[in-house]
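J.: need a 3D model of the sequence below.
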Amino acid sequence: MSDAASKDAALTIMMPVDLAGSHALIEQLACTVDSQHNTIDSHVHTIEQLRREKQEIEVAFAEYIERLFRKRSERYIQNPNQLRLDLGNTEAATDAAEGLAQAVDEASRTVEVQTHERRPHRRSQRNEELPEHLPRYEVEASVPEEVKRCPRHGERTVIGYDTVETLEFQRPVLRVRVTKYPKYACGHHPDCGVASPERPTGLVEGDRYDSSVAAEIITAKYGFHLPVYRQQDLFAGSGWTPERSTLLNILVASAFVLRPLAEHIKRVVLSSGIVGTDDTRVTLLLPSAIPQAKADDPKSQRIYEVFREAAAEGRRSVTARMWAYRSVIEPLNVFDFTVSRHRDGPDLMLADFGGTLVADCYSGYEGIALGSDGRIRRAACVAHARRKVFDAKEVYPLESSVVLAKFQQLYDIEDRAKGMSPEDRLRLRQSEAAEVWGSLEEWLKGEAAGRVLPKSKLGQAQGYLRNHWEPLRTYLSDGRIPIDNNEVEQLMKQVAIGRKNWLFIGSVAAGERAADFFTLVSSALRNDLDVWAYLKDVLDRLLAGETDYAALRPDTWRQAHPEAIREYRVTERRDRADRKQYLRAARRRSRAVPLNS
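T.: Numbers count the residues shown, from 1 in each chain. Alright, predicted model coming up:
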C-alpha cells in the first residue's frame, strides 16, 4: 500500500461515522484550536511586554547618558511621554507653550464642567502660646552698660518689661523612692516578737523597680519601636545605666502581671461577633535545644515540627507569624504569635469564635470556615480583589478600567454610608451596591472577560473574583461588616516598624509576651490614650490585686481618665476623614461632565 493510501485509510479510521461522534470531534478540535490560540496570544503579549520594557530601558539609558553630560540645571522629567523641562527661550519651549495654551483653549470650549460651591477651608489658627500648666521661672536678661546709661542724662529708669516665653527641655528625671517600714515591739516583752506592716506586691523581687519604669520600657519598645539596647542610652542620659538583662527581666515580670488582662481582652474580641484578621512575618531565632512536643498540645507539636525541620536544614532562624484580630464592634485589638503560617494557629485562636471573620482569601481561613459547621462565616476583602485588577492595568488597560470603575462605585457608596446606622447602611448597600455587583457579574460572564488570557494578571484577578464571589459580597447582608480589611492591615504597620528596629524575636515565650504587649499598646492607641499613663495605672491596680478586668479595658479606662486622652489625635483623624470625604464627594459631583455638541 502506498503512503498516500495509508494516510487516506488512517483518516477514514479517525473520522467518526455517526453524527454525535462528529460533533464531539468538532468540539474537541475547536477546544484544541482555542488552546493553541491562547498559547499564541500569551506569547504575543509576552513579546509585546518585553519589547516595551526594552524600549523603556533604552529610553531611560539614553536619558541617563544625556543627563550625565549636561549641566545640573538642565534636568527634565524622565517620562518620554511628558514635555521636557526647559527654562530657556528655545523654540521647543515656545512651541510647547503655544500647544498647551491651544489645548486649554479647546478644552474650555468643548467641555462644560458642573460648578459646585467649595466648602470654605477653615484652617485653625496656630496657637503659639505655651501651655499654662507648665512650670515657669523668670530670669532677667543681661543689659549692656550703654543701654542702662544715657550719654546725655545718665542713669536710665526701668519703666517695664517685655516678656518672652521660651520652652526648655530637660531629660526625664529619675528618682529613688525610699519607703520606710516601721517595726514595732512590746517594751520589756521580747516574747511578743516584732510587728511590721505588710509590704505590697512589687513588680520584681524586692520591689526594686516601680511600675512607672516598666510602663516606660513597654511603651518605648512596642509603642515607639525602640529596642532594649537603645533604651539603655535613654536611661543613661538620665543617670541610670541598666543592663539589658535588667530591662528584659522587667519586661518578663510585667508580662506575667498583664497576662490575665490580655486574656480578658481576647475573650471580649472573640465574643464580639465580627472580627477582622491579618498576619505578618517576624524572625524567630532557633533555640539550641528543641523542646519536646506534648501529646495533648497541638501548638507544641507544631513548634517541634517547625524547629526540627529548620535544624535539619541547618537554619539559625525560622519565619514566624504575628497575627492581629481586630473587633469591628468593640474598640479592641488582639495579637497572637505562632511559629509558622499553618492554619492551626488561627484555628486554635478562633476555636470559640462564632460570627463573621473578615480576612483575605488565604486558604487557611477557608478551611477554618468550612470546618466550623456554619459557626464562622467568611467575609473576603474587596480591596484585595480590586488590587489584583489594578495590577493588570498595563496589559489590559480598557478591561481593567471597566472593572475598576465598578469598584469605585462600590467605595463611593461606602463613603456615603459613613455616619449612618447599620440598618440604614444595609439598606443603602442592598439598594445600590447589590446592583453594581450584578453588573460586575454580567461583565465576568460577558464576551470581554472571555477574551482575557486565564494566566494573565487580569485573568487571575477574574479567577479570584469568581472563586470568592460569595465571601466578597458577604458585607451586603450586614451593615456592620466593613467592605474591606484595610483597618486590620494597617495594624500590621505596628509590627513591621518594630521589626525593622528590634529585628528578631529570641524565643517562643518572648513572641507570646510580645503579642500580649501589642494587644494592650495597640488597643490603647486605638482609643487615643497616653499609653504610658494607661499601662502604669493598670500595672499598679493589677499588682494591688484588682480582678475587675472589664474596668481595665482601654475603652472603659478611657471614660474614667479623660486627662489621658490624646485629643489632638482625635482631631487629626476627624479632619483627615472629613477632608477625604469632601474630596470624594467633589469627585462624584464632577464625574458626569457634559460635552457640547
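J.: tell me which element the residue most central in space within the chain falls in.
T.: When Cα atoms, centre = their mean is applied to the chain, the residue found nearest the centroid is Q490 (1.5 Å). In this structure, Q490 sits in helix 486-502 according to DSSP states H and E.
J.: that helix - contacts with which helices or strands?
T.: Counting contacts by 3 or more Cβ pairs under 8 Å, 6 or more residues apart in numbering; DSSP states H and E, helix 486-502 is packed against helix 211-222, strand 274-285, strand 317-327, helix 508-526. Where C-beta positions appear, they are placed from N, C-alpha and C, glycine not excepted.
J.: relative to V358, which of those is closest?
T.: strand 274-285 (4.0 Å; Cβ to Cβ).
J.: what angle do helix 508-526 and the helix or strand just after the closest one make with each other?
T.: Counting by DSSP H and E, the next helix or strand C-terminal to strand 274-285 is helix 298-312. On the basis of axes from the mean of the first three to the mean of the last three Cα atoms, to 10 degrees, helix 298-312 is oriented at 120 degrees to helix 508-526.
J.: show residues contacting helix 298-312.
T.: 286-287, 290-294, 317-318, 338-340, 342, 344-345, 348, 508 (Cβ atoms under 8 Å, 6 or more residues apart in numbering).
J.: find me the pLDDT at the closest residue to G506 other than its chain neighbours, would you?
T.: The shortest distance from G506 to any non-neighbouring residue, by Cβ to Cβ, 6 or more residues apart in numbering, is to L285 (5.4 Å). pLDDT for L285: 95.
J.: quickly list what L285 is bridged to.
T.: Listed beta-bridge partners, L285: S317 (assigned using DSSP bridges).
J.: which residue is the nearest non-sequential neighbour of K418?
T.: Here the residue nearest K418, using Cβ to Cβ, 6+ apart, is Q581, at 6.7 Å.
J.: returning to what we had before: now the contacts of helix 298-312: which count as buried?
T.: A293, V318, T338, V339, S340, G345, V508 (16 or more other Cβ atoms under 10 Å).
J.: what's around T356, how many residues?
T.: T356: 22 surrounding residues under other Cβ atoms under 10 Å.
J.: part of a strand, is it?
T.: Yes: membership of T356 in a strand is supported by DSSP: H, G, I helix; E, B strand; the rest coil.
J.: contact partners for it?
T.: Counting by Cβ under 8 Å, 6+ apart, T356 touches G273, I274, V275, I376, R377, R378, A379, T474, D478, I481.
J.: now T201. Its backbone dihedrals?
T.: Backbone torsions for T201, taken as degrees, to the nearest 10, come to phi -70, psi 130.
J.: please name the nearest non-neighbouring residue to it.
T.: L543 is the one closest to T201 (Cβ to Cβ, 6+ apart), at 5.0 Å.
J.: any low-confidence regions in the chain?
T.: 1-36, 64, 66-127, 591-597 (pLDDT under 70).
J.: show me which of the buried ones among the contacts of helix 298-312 is closest to G206.
T.: V508 (28.6 Å).
J.: shouldn't that closest one be in contact with V318?
T.: No: with contacts counted by Cβ atoms under 8 Å, V508 stays clear of V318, the gap being 10.3 Å.
J.: many thanks, have a good one.
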